[in-house]
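Asker: Any chance you can model this:
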Amino acid sequence: MIRGSCTRFGNEAFFIAHLLFQQSHFYKGSVMRMKLYREEGHRKAALYIRVSTMYQIDKESLPHQREELKRYTEYALHISDYEIFEDAGFSGKNTDRPAYQEMMARIRKHEFTHLIVDKIDRISRNLLDFAAMYDELKKLDVTFISRNEQFDTSSAMGEAMLKIILVFAELERHMTSERVSAIMVDRAKKGKWNGANIPLGYDWSEKADYPVENPQEVKIVQMMFDMYEKGYSSNRLTQYLNDHGIRGKRNGLWTTASVRQVLTNPFYKGTLRYNYRHRARGCIKKESEWIVIEHNHPNIISEEQWEHVNQILKSHSVTRIRKKHDHAFSGLLTCLCGGTGGARLDKPRQNGVRPSYYECNTHWRVSKTLCNNNLAMSDMLIGTFVFNYLKNMIRVQQHMGELETPEAMEAELLKGDCFQDISGIEKASLQKIYAVFCKNSNVAYQESEALRYDDPAVIAGNQVKELEKKRQAHERALERLNKAYLYAEIGLSEKEYLQNRQEIMQAIQDIDQKIQVIQPDSNSEDDIAFLEASSNFIIKQELLSDEPIQWLDFALHVSAATIHQFLCAIVTKIVFYQRRILSIEFKNGVVHRFLYRE
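Answerer: Residues are numbered from 1 along each chain as shown. Modelled structure (predicted):
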C-alpha cells in the first residue's frame, strides 16, 4: 500500500506514510522495506547456494555456484542489488538450514523481489517442501528463478513448468496418504496396535509392541464398571471420581464424556476396534468399514458385564432430537474457579421472552469440592450489567476531555442502579483503563474501536481464515511426517511415527471443530440478512440512547444469536461468581475488574 502511494503522490506522501508507519505496531523491521520501495522499480535478489558436504568440488562447489549466480544476476537479469545466502554441508532433504531460514524470514519482510538458485535441488530435494515454499513466494509476490532449468516464474513458460511440478507433488501426497492408510488397515487386521491414546488401565510395552495391563489403573476401570452397574449415573460417577481424587490417564479431571468413553470402549473386553471414526473424535463411520478383532488380547472386564453396562447406557441415552437454543452469553462466561459457564433455558416471562441462566460446569458436572459456586446467574442480570456498562463506556469516550482524573472516569463508568453494589474498579485496572481512554481521545482504536460494531460475518471470516492457515500447516507437517517414515534413509521408529501422527490428527480435528462453531453450514436468505441488520441497528441505538437498558425489553426486539455475535466481536471473557460479575475482558486485552461492597 505504501509502495503505491509513494509512486502516485511523490515524496510528500512518502514522508507522511513514513511517519504513520513509525506510530504503527508494525514499524519494527520496516525501515529497510520503506527504503526498498522508495525508488520505483527497484529490484533486489536473494541468491541461495547449498552443497551437501563441506568439501564438494567442481561444478557443485560453493565458489562455482556463487560466481555463476552473480554473473547471471548482473548480466542476464540486470539486477545489481543482491545478497548471497550460503548453506555448506547441509542436505536438501528438508529445509532445516540456517541460511535458508534467515533468507525466508527476510523475504517475508519484503526485503527481496527475486529468489535465484543455480538448480532447483539446491533449494530442496523434497517436492513437498518445494511446493510449500513456492506457494509462499507467490503470495509474497517474489519471483523464483532457477538458472540451470531456466525456470522464471515471471514468464508464462516458467510458471507452467512449476505448475507441472506441483501437480506431481499433489499426486505424491495422495499416493503417500493411500499407502499409509493401507498399511494401518493391514496392521489392524492382524490385531496390531495402530497408535492412539493408550486407554486407562494399560501401559505401552516395547517388548510386547502392544498395551499391557497396569494393575493400579485396572482397579479404577473395574470400579467404574461396577459402580455404573449398581446404579450410578455418568454425572454422579464423574463427581465421585473427582471428589475422591481419582484421576484419569493424564492426571486430569473427569467429565461425563470421559467417563462414558471408558464405559463404551470395547478394548476392556478384549476387542480391538479400528477405523471406527473419521478422526479421533469425529463422526462414526459405517459399521461395514470397522475393523473389529474379538478376543484379541486379555480382557479386564468380562464380556457379560461390558454388554450389560452398555445396554444401560443406551437406555439412559436421550433418543429424541434436541432443539438447539441460542444463548446470548454462551462461551463468554467463566467461573472464578476457571470452569466454563453452562447455559440453560429458564421459564418464559410475561412478555414472551425466555431468558437463559448460567451455572459453573465445574461445580455441577465435575466436582462440588473443587468449586462452591452453586448459584445460577440469569442473563437478565448479566445483560443489564454488561450492556449498561458498554453504554457508560461510550459516554466516557465521548466526554473524556472533561474527565481529569481516573476517579472521575470511574464514577461515570459505574453510573446506574445495576452498579450500586460495586464500590469501585480495581486500582491497577482503573489506571490502565484511564490511560487507554486518554490515548484514544487523540488516536483511533483500542477501546473505542472495540465498541464499534463490525459485521459479524467479516469477523467470523477472518477467524476462519486464520484457522484454515493453521490447518494447512498441520497438514503439511503430516505430509512431511509420512515422507520421513516411508521414504527417509534414516526413518522414524514406528512408535514415534504413530504418536506424532495421532497428535497432528487431533490438532486438525480441533481446528475443524472450531471452524464449525464459528461458521456452521447455513443458507441465509435475504430476509434473514435484513432482520439481522435491523437487529444490529437496534443494538447500536440502545447503546447510544440516554435511557438505561432494560434486558427484558431489549431481548424482546433482538435475538439471542444477534446479541451473542455482537458480544463476541468486542468481549473476550466475563468472569462471574455467586451472581456477581467480577471482571470483563475486552478484545483489546484490557480487563475491567470490579470491587464489591461486603
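
Asker: where along the stretch 201-350 of the chain do the helices fall?
Answerer: Ranges of helices in the stretch 201-350 of the chain, per DSSP state H, counting those that start in this stretch, are 215-229, 234-243, 256-263, 303-316.

Asker: Using CSV, write out every CA atom in the second one.
Answerer: Taking only C-alpha atoms (Å, rounded to 0.1, in the frame of the first residue of the first chain), the coordinates of helix 234-243 have been written out as CSV:
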residue,chain,number,x,y,z
SER,A,234,-22.5,-40.8,34.4
ASN,A,235,-22.8,-37.4,36.2
ARG,A,236,-22.8,-38.9,39.7
LEU,A,237,-19.8,-41.2,38.8
THR,A,238,-17.9,-38.2,37.5
GLN,A,239,-18.3,-36.3,40.7
TYR,A,240,-17.4,-39.3,42.8
LEU,A,241,-14.1,-39.8,40.9
ASN,A,242,-13.1,-36.2,41.1
ASP,A,243,-14.2,-35.7,44.8
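
Asker: Mind giving me the packing neighbours of that helix?
Answerer: Applying 3 or more CB pairs under 8 Å, 6 or more residues apart in numbering; DSSP states H and E, we find helix 234-243 packed against helix 215-229, helix 256-263. In this view, the C-beta of every residue, glycine as well, is placed from N, C-alpha and C.

Asker: Assign a three-state SS to Tyr357, would you?
Answerer: strand (DSSP: H, G, I helix; E, B strand; the rest coil).

Asker: and it, how far is that from Leu345?
Answerer: Plainly put, Tyr357 is 8 Å away from Leu345 if you go by CB to CB, to the nearest Å.

Asker: of those two, who's got more company?
Answerer: Per other CB atoms under 10 Å, whichever of Tyr357 and Leu345 has more neighbours is Tyr357, with 20 against 12.

Asker: contacting residues around the spatially closest residue to Arg395 that is not a sequence neighbour?
Answerer: If the residues on either side of it in the chain are set aside, Arg395 comes closest to Glu412, at 6.5 Å by CB to CB, 6 or more residues apart in numbering. Contact analysis of Glu412 by CB atoms under 8 Å, 6 or more residues apart in numbering lists 392, 395-396, 399, 403.

Asker: which one of the residues you listed is nearest Met377?
Answerer: Asn392 (20.7 Å; CB to CB).

Asker: What is the end-to-end distance of stretch 312-327?
Answerer: Using CA to CA, to the nearest Å, the end-to-end distance of stretch 312-327 comes out at 32 Å.

Asker: Would you reformat the helices of the stretch 201-350 of the chain as a markdown table and include mean pLDDT, distance to Ala473 and mean neighbour count?
Answerer: A markdown table is the format used below for these (pLDDT from 0 to 100; distance: least, CB to CB, whole Å; neighbours: other CB atoms under 10 Å):
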| stretch | mean pLDDT | distance to Ala473 | mean neighbour count |
| --- | --- | --- | --- |
| helix 215-229 | 93 | 35 | 16 |
| helix 234-243 | 88 | 35 | 18 |
| helix 256-263 | 90 | 28 | 18 |
| helix 303-316 | 90 | 38 | 14 |
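
Asker: As JSON lines, those helices with distance to Tyr202 would be great.
Answerer: Formatted as JSON lines, the helices of the stretch 201-350 of the chain follow (distance: least, CB to CB, whole Å):
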{"stretch": "helix 215-229", "distance to Tyr202": "7"}
{"stretch": "helix 234-243", "distance to Tyr202": "18"}
{"stretch": "helix 256-263", "distance to Tyr202": "12"}
{"stretch": "helix 303-316", "distance to Tyr202": "16"}
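
Asker: Could you say which one of these comes nearest to Arg349?
Answerer: Nearest of those to Arg349, taken as CB to CB: helix 234-243 at 29.1 Å.

Asker: re earlier: the residue nearest to Arg395 is in what secondary structure piece?
Answerer: Under the criterion of DSSP states H and E, Glu412 resides in helix 406-413.

Asker: What's the first helix or strand after that helix?
Answerer: Assigned by DSSP H and E, the successor of helix 406-413 is strand 422-425.

Asker: List the neighbouring strands of that next one plus their orientation.
Answerer: Strand 422-425 has the following strand partners under DSSP bridges: strand 591-596 (antiparallel).

Asker: Any chance you could give me the partner strand in PDB, C-alpha atoms only?
Answerer: Output of strand 591-596 as PDB, limited to C-alpha atoms (Å, rounded to 0.1, in the frame of the first residue of the first chain):
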ATOM      1  CA  VAL A 591      -9.500  -6.100  31.800                       C
ATOM      2  CA  HIS A 592     -12.100  -4.200  33.800                       C
ATOM      3  CA  ARG A 593     -12.100  -5.700  37.400                       C
ATOM      4  CA  PHE A 594     -14.900  -4.700  39.800                       C
ATOM      5  CA  LEU A 595     -14.700  -4.500  43.600                       C
ATOM      6  CA  TYR A 596     -17.900  -5.200  45.600                       C
END
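
Asker: and the angle for it with helix 406-413?
Answerer: Orientation check (axes from the mean of the first three to the mean of the last three CA atoms, to 10 degrees): strand 591-596 against helix 406-413 gives 80 degrees.

Asker: re earlier: drop anything exposed from the contacts of Glu412.
Answerer: Buried members of the contacts of Glu412, counted by 16 or more other CB atoms under 10 Å: 392, 395-396, 403.

Asker: any idea which of these is closest to Lys314?
Answerer: In terms of CB to CB, no member of those lies closer to Lys314 than Asn392, at 52.7 Å.

Asker: so how far is Trp306 from the closest residue to that closest one other than its chain neighbours?
Answerer: Spatial nearest neighbour of Asn392, excluding adjacent residues (CB to CB, 6+ apart): Leu413 at 4.9 Å. Here Leu413 is placed at a distance of 59 Å from Trp306 (CB to CB).

Asker: Just the strands from the stretch 101-250 of the chain, written as ranges.
Answerer: Applying DSSP state E, counting those that start in this stretch to the stretch 101-250 of the chain gives strands spanning 114-117, 143-146, 151-152, 202-205, 210-213.

Asker: Now do the same for the first one: mean pLDDT, whole number.
Answerer: Regarding strand 114-117, the rounded mean pLDDT is 93.

Asker: How about residues contacting that strand?
Answerer: 43-49, 69, 72-73, 77, 79, 82, 103, 107, 123, 137, 142-147.

Asker: Out of those, which end up buried?
Answerer: So, by 16+ other CB under 10 Å, the buried ones in the contacts of strand 114-117 are 43, 45-49, 69, 72-73, 77, 79, 82, 103, 107, 123, 137, 142-147.

Asker: before we move on, back to that, could I get the helices and strands packed on helix 234-243 as CSV with distance to Gln431?
Answerer: Putting those into CSV (distance: least, CB to CB, whole Å) gives the following:
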stretch, distance to Gln431
helix 215-229, 50
helix 256-263, 43
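
Asker: where along the stretch 351-500 of the chain do the strands fall?
Answerer: Using DSSP E, counting those that start in this stretch, strands in the stretch 351-500 of the chain cover 356-360, 377-378, 422-425.

Asker: Ile511 sits in which helix or strand?
Answerer: Going by DSSP H and E, Ile511 is in helix 494-518.

Asker: Endpoints of stretch 331-351, how far apart?
Answerer: 26 Å.

Asker: which residues sit against it?
Answerer: With CB under 8 Å, 6+ apart, stretch 331-351 has contacts from 325, 327, 329-330, 354-366, 370-371, 373, 376-378, 382, 552-553, 556, 564, 567-568, 571-577, 582.
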